[in-house]
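Undergrad: Next input, structure requested:
(one chain, ligands or ions: 1)
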Amino acid sequence: MRLLLLAPPGAGKGTQGERLATRYGVRHIAAGDLLRAEAQADTPADRQIAAYQARGDLVPDQIVLDALTPVVVAAAAHGGYILDGFPRTLPQAEAAAELAARLGVTLDAAIYLYAPDEVLTRRLLDRAGQGGRADDVADVIQHRLQVFAETTGPLVPYYTQRGILVAVDADQPPDSVTADIQAGLSGLGLTCPDGHEGGTRA
Ligand code: ADP
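TA: Numbering: from 1, shown residues only. The predicted structure follows:
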């Protein structure tokens with residue numbers, strides 16, 4: 001199974017990504033986590049990644065592609081992946097599609113989790129209150145939401161045109177979001193690995 005989670009900050013991609021990865025027995029590839037880990041290294045290039053993340057700006061496409069491509073290729077050889085936060089720009093989506101076509105492993109579905117900005121902001125501020133991330137502060141949250149709307153938003157029509165978009169209301173309890181994702185995947189002919197709804201699409 002090869003899925004992409006497309007969602008603004010605070011929509012719950014991490015939670016749903018982990019659940020889907022467990023369910024389908026594939027790797028959960030969280031772009032933000034991988035880049036945060038890379039940013040820990042002490043080279044000028046890595047410190048640059050940390051600076052983009054701290055501001056809530058996207059890390060440049062080439063850096064992201066260099067970091068993510070080997071991970072995606074390795075996961076593709078082991079049954080698939082749940083991509084969380086990658087691709088996040090049209091050039092990244094085009095590069096990812098090219099790579100997937102070359103490997104013969106195109107995306108099964110792109111799951112778009114949506115919720116009102118007020119809900120997303122409240123969740124991120126709550127997370128900040130529980131010792132969350134350095135970029136969970138009001139002005140950076142605001143900027144991340146704007147970057148999502150402007151730069152990642154265009155991926156919604158891109159995957160709609162490819163006929164693989166599943167849009168799910170993320171302003172619900174996590175279990176309801178998971179159930180809606182499963183229903184959306186079934187609607188695309190993609191089914192659970194437990195046998196009740198058949199296998200994944202050939
Ligand atoms: P969130 O979706 O809550 O912002 P993430 O952990 O997915 O959290 O991303 C955090 C930050 O990591 C982003 O603000 C951005 O700086 C960087 N990042 C993550 N994924 C990408 C990507 N695909 N392209 C560019 N930058 C990215």
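
Undergrad: Now do the contacts for the residue nearest to the spatial centre of the chain.
TA: Nearest to the mean C-alpha position of the chain, counting by C-alpha atoms, centre = their mean, stands D84 at 2.3 Å. D84 sits next to 5, 13-14, 17, 28-32 when contact means C-beta atoms under 8 Å, 6 or more residues apart in numbering. Glycine gets a C-beta too; all of them are placed from N, C-alpha and C.

Undergrad: Now it, what are its backbone angles?
TA: Per-residue torsions, D84: phi -120, psi 100 (degrees, to the nearest 10).

Undergrad: That one - nearest residue in space that isn't next to it in sequence?
TA: G17 (3.9 Å; C-beta to C-beta, 6 or more residues apart in numbering).

Undergrad: Could you verify my assumption that the one you found touches H28?
TA: Yes. Counting by C-beta atoms under 8 Å, G17 does reach H28; the two are 4.8 Å apart.

Undergrad: Next, show the common contact partners of the two.
TA: Applying C-beta under 8 Å, 6+ apart, one finds that G17 and H28 are jointly contacted by 82, 84.

Undergrad: What is the helix or strand encompassing L124 packed up against?
TA: Per DSSP states H and E: L124 is located in helix 117-129. Helices and strands touching helix 117-129, as assessed by 3 or more C-beta pairs under 8 Å, 6 or more residues apart in numbering; DSSP states H and E, comprise helix 138-147.
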